[in-house]
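A.B. asks: I would like to see how this sequence folds:
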Amino acid sequence: MWQIFSELCAEAGVDVPAEACEQLVRSLSRAAHEHAEQQFRGGAQYEDSDAAFAGMFAQMGRMVFAQMGVATGHEALMVRFLERFWNAANWACFPEVVDVLQALRSRGLRLGVLSNAPSNLPSLLEDLGVAPLLDFNVVSAVEGVRKPDRRIFEVALARAGVAPVAALHVGDMYLEDVLGGRALGINTLLMERGARSLFPSYRESEGRGLDPEVVIGDLGAVLARVDAS
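C.D. replies: Model prediction:
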């Protein structure tokens, strides 16, 4: 994501390293985190749609381009951003994913994707070869609601056919995944992929006070937990 922003800034005549774009958005999101947590704990609801998903990126893009000195053309630049970012050619599974999902299925677990994403996510999962290993998808733009809203977790639980205490949710965002899942009593793990994280230069778990046992680096850790339980 940050490399694409850097490239688009360069095409607009402004030389900006990818790390600067990442740092800007990270600093702003962290500054807003406490307020966002308060809203969530106060019962905030979170609607979603394809238009809202694109609008979220458009808002972020306008902020990045303005802060980095790109004076005009923000809307056109964001069209190009979405064309490049949400492109199946840019996406691949991590090496362990297919093997771990197959192993989990062999142990009798029901598997699903619960994602804040546009409605074409299922086709991307098909392209990646993941779809045949899943029992269900819960996609925010399709359901009209996004994480951390309890309603989308309830949809996932219903499709999995399990109670919250029998579910395990793995995600890479603290508010959306950890707090969202825990609010319903779901066991949660926070995934940190290092250089392949949303914010490669920062750890999502930093300053959260999480037990190190709930922070994992790959899906293999999920399989180990299932086998140990």
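A.B. asks: contacts, neighbours, all on C-alpha from now
C.D. replies: Noted.
A.B. asks: those helices in the protein, which residues are they?
C.D. replies: 2-11, 18-31, 33-41, 50-67, 74-85, 97-106, 121-127, 140-143, 150-160, 180-182, 220-228 (DSSP state H).
A.B. asks: what's the first one packed up against?
C.D. replies: Here helix 2-11 is seen to pack against helix 18-31, helix 50-67, helix 74-85 when contacts are counted using 3 or more C-alpha pairs under 8 Å, 6 or more residues apart in numbering; DSSP states H and E.
A.B. asks: cool, the second one as well?
C.D. replies: In terms of contacts (3+ C-alpha pairs under 8 Å, 6+ apart), helix 18-31 is packed against helix 2-11, helix 50-67.
A.B. asks: show me what contacts residue 198?
C.D. replies: Contacts for residue 198 (C-alpha atoms under 8 Å, 6 or more residues apart in numbering) come out as residue 1.
A.B. asks: same thing with the one 5 residues further on?
C.D. replies: Contact partners of residue 203, counting by C-alpha under 8 Å, 6+ apart, are 192, 194.
A.B. asks: cutoff 6 Å now
C.D. replies: Contact partners of residue 203, counting by C-alpha atoms under 6 Å, 6 or more residues apart in numbering, are absent.
A.B. asks: Need the pLDDT of it.
C.D. replies: pLDDT recorded at residue 203 is 94.
A.B. asks: In JSON lines, list the helices of the chain along with mean neighbour count.
C.D. replies: Below are the helices of the chain laid out as JSON lines (neighbours: other C-alpha atoms under 10 Å):
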{"stretch": "helix 2-11", "mean neighbour count": "18"}
{"stretch": "helix 18-31", "mean neighbour count": "15"}
{"stretch": "helix 33-41", "mean neighbour count": "13"}
{"stretch": "helix 50-67", "mean neighbour count": "16"}
{"stretch": "helix 74-85", "mean neighbour count": "16"}
{"stretch": "helix 97-106", "mean neighbour count": "15"}
{"stretch": "helix 121-127", "mean neighbour count": "16"}
{"stretch": "helix 140-143", "mean neighbour count": "20"}
{"stretch": "helix 150-160", "mean neighbour count": "19"}
{"stretch": "helix 180-182", "mean neighbour count": "23"}
{"stretch": "helix 220-228", "mean neighbour count": "13"}
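A.B. asks: okay if I get those helices as a markdown table plus distance to residue 194?
C.D. replies: Below are the helices of the chain laid out as a markdown table (distance: least, C-alpha to C-alpha, whole Å):
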| stretch | distance to residue 194 |
| --- | --- |
| helix 2-11 | 15 |
| helix 18-31 | 14 |
| helix 33-41 | 21 |
| helix 50-67 | 22 |
| helix 74-85 | 19 |
| helix 97-106 | 16 |
| helix 121-127 | 22 |
| helix 140-143 | 25 |
| helix 150-160 | 26 |
| helix 180-182 | 22 |
| helix 220-228 | 15 |
